[in-house]
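Student: Kindly generate the corresponding structure for this input.
(chains A and B)
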There are 2 protein chains.
Amino acid sequence: MISAAILGYGTVGAGVYKVLSMNRDLIKGRVGEEIRVKYVLDLREFPGDPVMEVLTHDYSDILNDPEVAIVVETMGGLKPAYDFTKNALLAGKSVCTSNKELVAEHGVELRKIAAEKNVNYLFEASCGGGIPIIHVLDSALTADEIDSVSGILNGTTNYILTQMMDAGQDFSDALKAAQDMGYAERHPEADIEGWDACRKIAILSSLAYGKHISYKNVPTEGITDIDAADMEYAGLMDMKIRLLAASRRTEDGVWAMVAPMLVGRDNMLYHVDGVLNAVLVHGNAVGDTLFYGSGAGSLPTASAVSGDVISAARHLRRTMASDWKAEEMELMPLDEIKHAFFVRFSGTEAEAEAAFGKISPLRLAGRTEEFGFVTEVMTESSFRKAASAGNVIKRIRIA
Amino acid sequence: MISAAILGYGTVGAGVYKVLSMNRDLIKGRVGEEIRVKYVLDLREFPGDPVMEVLTHDYSDILNDPEVAIVVETMGGLKPAYDFTKNALLAGKSVCTSNKELVAEHGVELRKIAAEKNVNYLFEASCGGGIPIIHVLDSALTADEIDSVSGILNGTTNYILTQMMDAGQDFSDALKAAQDMGYAERHPEADIEGWDACRKIAILSSLAYGKHISYKNVPTEGITDIDAADMEYAGLMDMKIRLLAASRRTEDGVWAMVAPMLVGRDNMLYHVDGVLNAVLVHGNAVGDTLFYGSGAGSLPTASAVSGDVISAARHLRRTMASDWKAEEMELMPLDEIKHAFFVRFSGTEAEAEAAFGKISPLRLAGRTEEFGFVTEVMTESSFRKAASAGNVIKRIRIA
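Tutor: Numbering: from 1, shown residues only, chains lettered A, B, ... in the order given. Next up is the predicted model:
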């Protein structure tokens, strides 16, 4: 019997409690021992819920119980999650978490402490919900030099963009719909401004390239400026707009970025609609691989956390290998990142060609005051220079 | 330094040699020790190839060298691969393989021997080429009860079906094109009759459901009967025909099957074209997940084998957990498996409705001698009974 404790009985914590309970026998078979949730920490009471039998309001009950080998941190936020996690690791307990803020901010330090204590700090659920992408990078695609990671890592924004494209809604209506469906929070900034996806691509890129990438260094644009006309142009090009979180290893260095991008039908990410997530990974031997599934939700996220609990149980007192070094990755400056750009332009075709070279104009019915075109692949700084001549209404990068 | 030996310097073996060499430093960083290929076993000579320095024609060189901790079996076939593998495991060496025939036939026994010897028998490359699906089932989706596994597991047939659909080729021309491209062998039966996919779904289902499923018990149909008219009907229904290898855990038991099936646009497998592979896994917590990538080819397959070599190196003298029990899974009889069927029918609508109930006929331009329709979901035996009234030209299951 292996004892675990869950910190926080919110959506994810309750999901973990449920998964470990509903699949108890199966998990016992796979681990070789039963995993028992001995404590659930929450400040609230849950009258009538069976969790009351194991509920505690005092973290020291967990920290000081030598039977507890695995701590599940599903509180979110940096405080007190950081202290609770660090103290659990220092006490020789493995920690499994869904807390992307904490992993992005302190993950490399917490993995180091775990290794020093021969335990594990696991965070499959921090990126891509139920998609086992951390596992794949940590343990499966280990023979490859990874060149590229790009993904739809935020279900809220993908739902909004899908609604805008399919139902012709404008941004504010689609956001309202997402809030009504429970897919977006009342304060949706972390999602719609791209901050959530930014933390996730920083974590995935750190694992993929083996050096620490701070989310603070990842240029990030959200989707609040995307409008119905953008969607019409995308349709005209047989493309879709996705909030992509991407990083690449190029000859000029590694870059990372979060921004709405245009994606063509031959890219599998084109087909990822609604609240689903997907991550496309390219390795120098394996080529393109894609991992797809539910990026959020109580049970999918709990599946990932619970899978980590099982890994921790299978590796008690033995740190699993990881390629996340503390050394900071120097990212290419935004100015040097290259894309083709879709441009909405209010001047004449001659003005557009004077600034951007030969173009093929795209025109929307009934919209005579502007047209669109796609540039050659160019750096951000070259684009800015060309755009400085004026008349550029908007630009969207092409993936 | 960890020493490895490669058995067979064919397409995959040479790929493994190349991947371990081109990514040597990176792999050293991830393992903590260098992995050196000390021997390559092949009966042939390779004048001028650097492999000559480590080439041997005698397996006992490898078996009797205590330095060799990991054996890579990329010979294929059952003999002598089975004896070589078993002897390596008995000698305390881990074995990593791409040999699906051997894994499907003797995998459960070989994993048992590996566990008894505290080593590992790993076979990521046996299913889905570079897609890390074995890893996902063995180590990642471990908290889930898996309900369903279905995939496009054979790139050759997917290429042929894609050509038939997109280029309007008939089966024999598409097969010829696949042979010219090197995607199909001169004796393509193992692919086009579904035998390759059958072995793969037997392996994946054994891992997913935790009991041994013999490929001999999996009903298997190939794609040789699919013709241009089938593709036209599929287009009319906005569907594609895929050779699906599938298994399900239902209320009535577990079934497995390989057959061409019609797949709609809302199924991610619809979007998997050409030689690519994909596997859709449904778990009771995680929901739907999809894993996509190159199902064959020297480097993608070598990526998977080499990833296993790294796992074996990280787990020397320590067997990784696995849920593949020797106990035989009793599969549902074919007669009880349920699908909706697409039917091509040569009689009248009244005759079709007399046999199958209310139908909505589908008619191809210029083809008056038949029409198509889709049945309700029914068992294979109910279908056979309804079809026994006559006039059924063909039936294709709907996924």
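Student: can you tell me which helix or strand the residue of chain A positioned farthest from its centre belongs to?
Tutor: What lies farthest from the middle of chain A is A:A350; by CA atoms, centre = their mean that is 41.6 Å. Per DSSP states H and E: A:A350 is located in helix A:349-356.
Student: so what does that helix touch, helix or strand wise?
Tutor: Applying 3 or more CB pairs under 8 Å, 6 or more residues apart in numbering or on different chains; DSSP states H and E, one finds that helix A:349-356 contacts strand A:338-345, strand A:371-379, helix A:380-387. Backbone N, C-alpha and C define where each C-beta goes, glycine included.
Student: Pull up the pairing partners for the helix or strand just after the last one, direction included.
Tutor: Just to be clear, that refers to helix A:380-387. Moving toward the C-terminus from helix A:380-387, the next helix or strand (DSSP H and E) is strand A:392-398. In the sheet, strand A:392-398 lines up against strand A:253-264 (parallel), strand A:338-345 (antiparallel) (DSSP bridges).
Student: okay, those strands in TSV with distance to B:R30, mean neighbour count and mean pLDDT next?
Tutor: Output for the strands paired with strand A:392-398, formatted as TSV (distance: least, CB to CB, whole Å; neighbours: other CB atoms under 10 Å in any protein chain shown; pLDDT from 0 to 100):
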stretch	distance to B:R30	mean neighbour count	mean pLDDT
strand A:253-264	18	22	98
strand A:338-345	29	21	98
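Student: Could you work out which of those strands reaches nearest to B:S382?
Tutor: In terms of CB to CB, the element of these nearest to B:S382 is strand A:253-264, at 43.5 Å.
Student: Quick one: work out the angle between that closest one and strand A:371-379.
Tutor: Strand A:253-264 and strand A:371-379 are oriented at 160 degrees to each other (axes from the mean of the first three to the mean of the last three CA atoms, to 10 degrees).
Student: what residues go with each domain of chain A?
Tutor: Using automatic domain parsing, the domains assigned to chain A come out as A:2-129+A:298-328, A:143-294, A:335-398.
Student: B:S126 is nearest to which of those?
Tutor: Judged by CB to CB, the one of these that comes nearest to B:S126 is domain A:143-294, at 15.4 Å.
Student: Now do stretch A:54-70: everything it contacts.
Tutor: Stretch A:54-70 is contacted by residues A:2-5, A:7, A:9, A:35, A:37-43, A:45-46, A:71, A:80, A:84, A:87-88, A:91, A:93-96, A:309, A:312-313, A:316 when judged by CB atoms under 8 Å, 6 or more residues apart in numbering or on different chains.
Student: Keep only those of those that are in helices.
Tutor: Under the assignment DSSP state H, the contacts of stretch A:54-70 contribute A:84, A:87-88, A:309, A:312-313 to helices.
Student: Give the pairing partners of the helix or strand hosting A:V149; include direction for each.
Tutor: Assigned by DSSP H and E, A:V149 belongs to strand A:146-152. Using DSSP bridges, the strands paired with strand A:146-152 are strand A:239-250 (antiparallel), strand A:276-283 (antiparallel).
Student: Now mean neighbour count and mean pLDDT too, for the ones you listed, in TSV please.
Tutor: Listed next are these as TSV, based on neighbours: other CB atoms under 10 Å in any protein chain shown; pLDDT from 0 to 100:
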stretch	mean neighbour count	mean pLDDT
strand A:239-250	24	98
strand A:276-283	25	98
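Student: coming back round to it: with distance to B:E105 as extra columns, can I get the domains of chain A in TSV?
Tutor: Formatted as TSV, the domains of chain A follow (distance: least, CB to CB, whole Å):
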stretch	distance to B:E105
domain A:2-129+A:298-328	24
domain A:143-294	26
domain A:335-398	48
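Student: tell me what the worst-scoring helix or strand of chain A on mean pLDDT is packed against?
Tutor: Lowest mean confidence among the helices and strands of chain A (mean pLDDT, DSSP states H and E): strand A:325-328, at a mean of 91. Here strand A:325-328 touches helix A:100-116, strand A:211-212, going by 3+ CB pairs under 8 Å, 6+ apart.
Student: quick one: the first one near chain B?
Tutor: It stands for helix A:100-116. No - Helix A:100-116 does not reach chain B (CB under 8 Å from any CB of the partner chain); its nearest approach is 11.4 Å.
Student: Could I get the buried residue list for that helix?
Tutor: A:100-108, A:110-115 (16 or more other CB atoms under 10 Å in any protein chain shown).
Student: Out of those residues, flag the one nearest to chain B.
Tutor: Using CB to the nearest CB, A:A115 comes nearest to chain B of the buried residues of helix A:100-116, at 11.4 Å.
Student: A:A321 is in contact with the closest one, correct?
Tutor: No - contact between A:A115 and A:A321 fails when scored by CB atoms under 8 Å: they sit 9.4 Å apart.
Student: quick one: low-confidence ranges for the stretch 251-399 of chain A?
Tutor: Low-confidence segments of the stretch 251-399 of chain A, defined by pLDDT under 70: none present.
Student: Could you rerun that using 90?
Tutor: The stretch 251-399 of chain A contains residues with pLDDT under 90 at A:296, A:321-326.
Student: again with the stretch 51-200 of chain A
Tutor: Residues of the stretch 51-200 of chain A that meet the criterion pLDDT under 90 lie in A:182.
Student: Show me which residues of it are close to chain B?
Tutor: Close to chain B, as judged by CB under 8 Å from any CB, the stretch 51-200 of chain A has residues A:124, A:130-132, A:135-136, A:139-145.
Student: Could you rerun that using 10 Å?
Tutor: Contact residues (CB under 10 Å from any CB of the partner chain) of the stretch 51-200 of chain A with chain B: A:124, A:128-146.
Student: mind listing which of those are in helices?
Tutor: Reading helices off these with DSSP H, I get A:133-135.
Student: wait, isn't A:E145 in contact with B:L26?
Tutor: Yes - under the contact definition of CB atoms under 10 Å, A:E145 touches B:L26, with a separation of 5.6 Å.
Student: any shared contact partners between these two?
Tutor: Common contact partners of A:E145 and B:L26 (CB atoms under 10 Å, 6 or more residues apart in numbering or on different chains): A:210, A:284.
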